[in-house]
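S.K.: What would the 3D arrangement of this be:
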Amino acid sequence: MTREQALAFAARWIAAWNGRDVEAVLASFADEVEFSSPRARETVGVATVKGKSALRSYWNAALVPVRSLRFTLDRVIWDSETSELAIVYIAEINGVSKRVSENLRFGPDGTVASAEVFHGIIPPPPPGAAEPR
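M.R.: Sure, this is the predicted structure:
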């Protein structure tokens, strides 16, 4: 994958999530994917979800309480030596914003073999913006 391909992948990934299209997101994942997230533990009782079918179930369950969802791409970090892609974005879910990094490792077949998600703090408002009340 080139840097340009990594940027295009991230843009498609963000668009699929903004459209709540779980199947479009899953299309890039290997059948035996391992996906780790603190949200998975909260939603399905395990921090690491194994297999595309289990990942589909987790994501569909996680979307049930979501009234509004908007991901805004912040930056993309691509490491061609390790085939790892970090998609850093601002997630606004049900009116609450936070910074998130999805770290994806691609296998030899070009699909995501494993992923780990890191949830950060609510980003500060841009300069000149009013502070939230």
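S.K.: Mind jotting down where the helices sit in the protein?
M.R.: Taking DSSP state H, the helices of the chain run over residues 3-18, 22-26, 38-44, 52-63.
S.K.: Please give the number of neighbouring residues around A10.
M.R.: Around A10 there are 22 other residues, counting by other Cβ atoms under 10 Å. Heads up, the C-betas are built off the backbone N, CA and C, glycines and all.
S.K.: Tell me the spacing between it and I77.
M.R.: Per Cβ to Cβ, to the nearest Å, A10 is found 10 Å from I77.
S.K.: Report the set of residues contacting both of those two.
M.R.: L85 (Cβ atoms under 8 Å, 6 or more residues apart in numbering).
S.K.: Give me the helix or strand of this structure that scores worst on average pLDDT.
M.R.: Least confident helix or strand of the chain, by mean pLDDT, DSSP states H and E, is helix 38-44 with a mean of 87.
S.K.: helices or strands up against that helix?
M.R.: Other helices and strands packing on helix 38-44, by 3 or more Cβ pairs under 8 Å, 6 or more residues apart in numbering; DSSP states H and E, are helix 52-63, strand 112-119.
S.K.: Go through the ones you listed and name the closest to S37.
M.R.: For the helices and strands packed on helix 38-44, the distance to S37 is smallest for strand 112-119, at 4.0 Å, taking Cβ to Cβ.
S.K.: CA-only coordinates of that closest one in PDB, if you can.
M.R.: C-alpha atoms of strand 112-119 as PDB (Å, rounded to 0.1, in the frame of the first residue of the first chain):
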ATOM      1  CA  VAL A 112      -6.900  -6.200   8.000                       C
ATOM      2  CA  ALA A 113      -5.500  -9.100  10.100                       C
ATOM      3  CA  SER A 114      -5.700  -7.300  13.400                       C
ATOM      4  CA  ALA A 115      -6.800  -4.000  14.800                       C
ATOM      5  CA  GLU A 116      -6.600  -2.100  18.100                       C
ATOM      6  CA  VAL A 117      -8.600   0.900  19.100                       C
ATOM      7  CA  PHE A 118      -7.500   3.700  21.400                       C
ATOM      8  CA  HIS A 119     -10.000   6.200  22.800                       C
END
